[in-house]
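# coords please:
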Amino acid sequence: MTGIIIHGGAGTITGEERRKLSAEGTDQAAETGYAILEAGGSAVQAVRDAVKLMEDLPQFNAGYGSVITEEQTIEMDAMLVDGNTGQIGGVMGVSSIRNPILLCETIMKESKHILFAGRGAEKFASKYGYQLIESSDLITDRVRERYANWREKQEQDSIDPEGRHKYGTVGAVAVDQEGNLAAATSTGGTLGKQVGRIGDTPIFGAGTYADQGIAISATGVGEYIIQGMIALRIKHLAERLPLIQATQQALDEVNQRFGPMGVICIDLNGDWSALKTTPDLAYSFKTDSQKGNFL
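From the prediction side, this is the model:
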């Protein structure tokens, strides 16, 4: 069975308009990714294009729409994983790339390395023909307003600055017609974060994971996800439990010890899960037999 699951962030999504935009965006990404799978395309292509689409939508915290640091700068993280080959491409702290997930694919295919950070990532991008942009071009008016509100209220908790565990990280997991799995995740991080802070997204086994049996993408407070190594935790539990049960048990364990989050998973058989310990998880899914979304 082929299928793709999309997430657009976990936490508390406030207001009907924001909920509508999140659902529309994840639906559009799911349709885009599934069309690739239906035409015989690879899982890697499907998750790459689904995440790229969300990086271009202002309602998500990835690419255009990324939140800003304490110095009002952009620092984005992303990772793309081919579960079949084991190839990985990731970037950390990039500021001048409109679509970090595309750079992840180039790293995966063209470099002997897996992860590039900051200036080095952008130097690599230039070598392979990427047009570097002004990071200010990625900042929306809404993000500037959120930053101003945060500063005014001085809600400067280092982990959850807005007090709602909501960041809008985007991700996708898929299985293709050949039974290959892939995962992709992209994020702007947390609002007002300290310059240089890296979250879970580009850490293999924490926020992003895929192998020949399962693909996983997480969203939420990056520090909690890293501490709980949620993706690897689910992988190991799923070796002896049904996928939904494994996902819920892993989330409960990590929530009890560290804090809440959300996650999407799909396995070789096309079984999937999209669960959370936060109030909301924006996600959409499309498989050979079903489609839908949830907030």
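# residue contacts, the closest residue to residue 3 other than its chain neighbours?
Take residue 3 and drop its neighbours on the chain: the residue closest to it by Cβ to Cβ, 6 or more residues apart in numbering is residue 287, 3.3 Å away. For the C-beta atoms, the positions are set from N, CA and C on the backbone; glycine is no exception. Taking Cβ atoms under 8 Å, 6 or more residues apart in numbering, we find residue 287 in contact with 1-4, 34, 270, 272.
# which SSE is the nearest residue to residue 142 once chain neighbours are set aside in?
Excluding its sequence neighbours, the residue lying closest to residue 142 (Cβ to Cβ, 6+ apart) is residue 58, at 7.0 Å. For residue 58, there is no helix or strand it lies in under DSSP states H and E.
# what is the neighbour count of residue 58?
Residue 58: 16 surrounding residues under other Cβ atoms under 10 Å.
# so what's it scoring on pLDDT?
We have a pLDDT of 94 for residue 58.
# from residue 263, how far off is it?
For residue 58, the distance to residue 263 equals 24 Å [Cβ to Cβ, to the nearest Å].
# now do residue 129
34 Å.
# the two: who's more crowded?
residue 263 (32 against 7).
# so the more buried one, which state does it fall into?
strand (DSSP: H, G, I helix; E, B strand; the rest coil).
# contact partners for residue 219?
For residue 219, counting by Cβ under 8 Å, 6+ apart, the contacting residues are 7, 9-10, 167, 169-171, 185, 187, 207, 261-263, 281.
# quick check, it in a strand?
Yes: membership of residue 219 in a strand is supported by three-state DSSP.
# tell me the pLDDT of it.
At residue 219, pLDDT is 96.
# before we move on, what about residue 158?
Here the pLDDT value assigned to residue 158 is 50.
# same deal with residue 144?
Per-residue pLDDT puts residue 144 at 91.
# contacts only, for it.
So residue 144 contacts residue 68 (Cβ under 8 Å, 6+ apart).
# which element is it on?
helix 141-153.
# next SSE downstream of that helix?
strand 170-175.
# any idea of the mean pLDDT in that next one?
Averaged over strand 170-175, pLDDT sits at 98.
# describe which strands it pairs with in its sheet and in which direction.
According to DSSP bridges, strand 170-175 forms sheet pairs with strand 3-11 (antiparallel), strand 181-187 (antiparallel).
# for residue 64, helix, strand, or coil?
coil.
# what of residue 252?
Residue 252 ends up helix, using three-state DSSP.
# sorry, back to before: single out the most deeply packed of the strands paired with strand 170-175.
Of these, the one with the most neighbours on average (mean count of other Cβ atoms under 10 Å) is strand 181-187, at a mean of 32.
# who touches the residue lying closest to residue 213 once chain neighbours are set aside in this structure?
Nearest non-adjacent residue to residue 213, counting by Cβ to Cβ, 6+ apart: residue 268, 5.2 Å away. Residue 268 makes contact with 175, 179, 181, 212-214 under the criterion Cβ under 8 Å, 6+ apart.
# of the residues you listed, closest to residue 150?
residue 214 (36.6 Å; Cβ to Cβ).
# surely that closest one and residue 235 touch.
Yes: using Cβ atoms under 8 Å, residue 214 makes contact with residue 235 at a distance of 5.6 Å.
# check which residues of stretch 236-251 are buried.
Residues of stretch 236-251 classed as buried by neighbour count (16 or more other Cβ atoms under 10 Å): 237-238, 243, 246-248, 250-251.
# make TSV out of those and add secondary structure.
Below are these laid out as TSV (three-state DSSP):
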residue	secondary structure
237	helix
238	helix
243	helix
246	helix
247	helix
248	helix
250	helix
251	helix
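# export the residues you listed to TSV and append columns for distance to residue 151 and pLDDT.
Below are the buried residues of stretch 236-251 laid out as TSV (distance: Cβ to Cβ, whole Å; pLDDT from 0 to 100):
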residue	distance to residue 151	pLDDT
237	41	98
238	42	98
243	42	98
246	41	98
247	37	98
248	38	98
250	36	98
251	32	98
